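The following block contains a protein sequence and its predicted model.
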Amino acid sequence: MSFELFGLNRIQLFLGCMTLVVAGPAVIMRNAIKGRLVEQRPGHWLALSTAISVTWSFLSGVFLLNFYVAFYT
């Protein structure tokens, strides 16, 4: 999975975006770790990527909990 969605039809684009909404933090972390190990990027790059991924995951969880509470209680 990657953030590159150019050249897809509308259905594939929609499904790809929905998948990236959930899997985005994993993609960011995979690329950050690869960049640190292979491309020798600085450590603060990995720390910033980790902070973005954690925040994204937290907000996704808050959204899903709000959705659950709104529709199933």
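Right, received. Where do you want to start?

I figured V21 hits S60, correct?
Yes - under the criterion of Cβ atoms under 8 Å, V21 makes contact with S60 at 7.2 Å. For the C-beta atoms, the positions are set from N, CA and C on the backbone; glycine is no exception.

Which one's more surrounded, these two?
S60 (14 against 11; other Cβ atoms under 10 Å).

Point me to the residue sitting closest to the centre of this structure.
G24 (1.3 Å; Cα atoms, centre = their mean).

helix, strand or coil for it?
Of the three states, G24 takes helix under DSSP: H, G, I helix; E, B strand; the rest coil.

For it, which non-adjacent residue is closest in space?
W56 (5.9 Å; Cβ to Cβ, 6 or more residues apart in numbering).

Equivalent analysis for A32, please.
S49 (3.4 Å).

And the one you found, which helix or strand is it part of?
Secondary structure assignment for S49, by DSSP states H and E: helix 43-72.

Can you tell me the number of residues neighbouring A32?
Using other Cβ under 10 Å, A32 has 19 other residues around it.
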